[in-house]
Every structure is written in structure tokens, then in C-alpha cells.
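A.B. asks: What shape does this take:
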Amino acid sequence: MPTFLLHHVHEPGECGAVFASFTGHESPLRHRTTMSSCRYGGHAIWWAVTAGSPEAALALLPAYVARRTTASAVARVEIP
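C.D. replies: As a prediction, this is how the structure comes out:
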């Protein structure tokens, strides 16, 4: 199954709404750690997920978050 990097961006005043939107959405991403730049002023969140398609990867997110998220297929590479 492919791996996708989900990259979400929001405005500084939207952090609370983004995190709260997960409350009503069943997702394996809930209650797990991920990477975010909110604390440092970047207001982006990244998730690495496995899914059958970009659409399936975005479906792991609440609609409020998914609308401003890109799903990119990625693979691990060894850097020489």
C-alpha cells in the first residue's frame, strides 16, 4: 500500500478549530503524535499515512482539515 505525506496549512487563529475538528471524526490519526510547526509560527501539520489513494489518505482527516491538505505519494530513499 502506498505511503502519502499529508501536508496541511492553516492560519494562526485557526489552530484551535483544526485540532477540535478531530473530536467528531473517527480516524486512526487521533491520539497520535505528528509533526507541526504551529508552536514556531509556521502553522502547518504533516502526517505520514498508508492508504490506497490520495483520496483515501485525505479521508483520514476531518473535512475541515482535508480541504486545505495536500497528499503526496512518498517513499523512503537512502541518501548517499
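
A.B. asks: got the residue ranges for the strands in this protein?
C.D. replies: 3-9, 35-36, 44-50, 69-74 (DSSP state E).

A.B. asks: Residues in contact with stretch 27-37: which ones?
C.D. replies: By C-beta atoms under 8 Å, 6 or more residues apart in numbering, the list of residues contacting stretch 27-37 from outside reads Phe22, His43, Ala44, Ile45, Trp46, Trp47, Val49, Leu60, Leu61, Pro62. C-beta: built from backbone N, CA, C; applies to glycine.

A.B. asks: hmm, back to that, can you lay out the strands of the chain as TSV showing distance to Ala17?
C.D. replies: Below are these laid out as TSV (distance: least, C-beta to C-beta, whole Å):
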stretch	distance to Ala17
strand 3-9	12
strand 35-36	14
strand 44-50	13
strand 69-74	14
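
A.B. asks: still on that earlier bit, which of the contacts of stretch 27-37 has the most neighbours?
C.D. replies: Of all the contacts of stretch 27-37, Leu61 has the most neighbours under the rule other C-beta atoms under 10 Å, reaching 24 neighbours.

A.B. asks: picking up where we left off before, reformat the strands of the chain into TSV and put mean pLDDT and distance to Ala56 next to each item.
C.D. replies: Converted to TSV, these look like this (pLDDT from 0 to 100; distance: least, C-beta to C-beta, whole Å):
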stretch	mean pLDDT	distance to Ala56
strand 3-9	98	9
strand 35-36	96	21
strand 44-50	98	9
strand 69-74	98	9
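
A.B. asks: Now the longest helix along the chain: buried residues?
C.D. replies: The longest helix of the chain (DSSP state H) is helix 15-21. Across helix 15-21, burial judged by 16 or more other C-beta atoms under 10 Å covers Val18, Ser21.

A.B. asks: re earlier: would you mind checking which of the contacts of stretch 27-37 is nearest to Ala75?
C.D. replies: The closest of these to Ala75 turns out to be Val49 (C-beta to C-beta; 13.6 Å).
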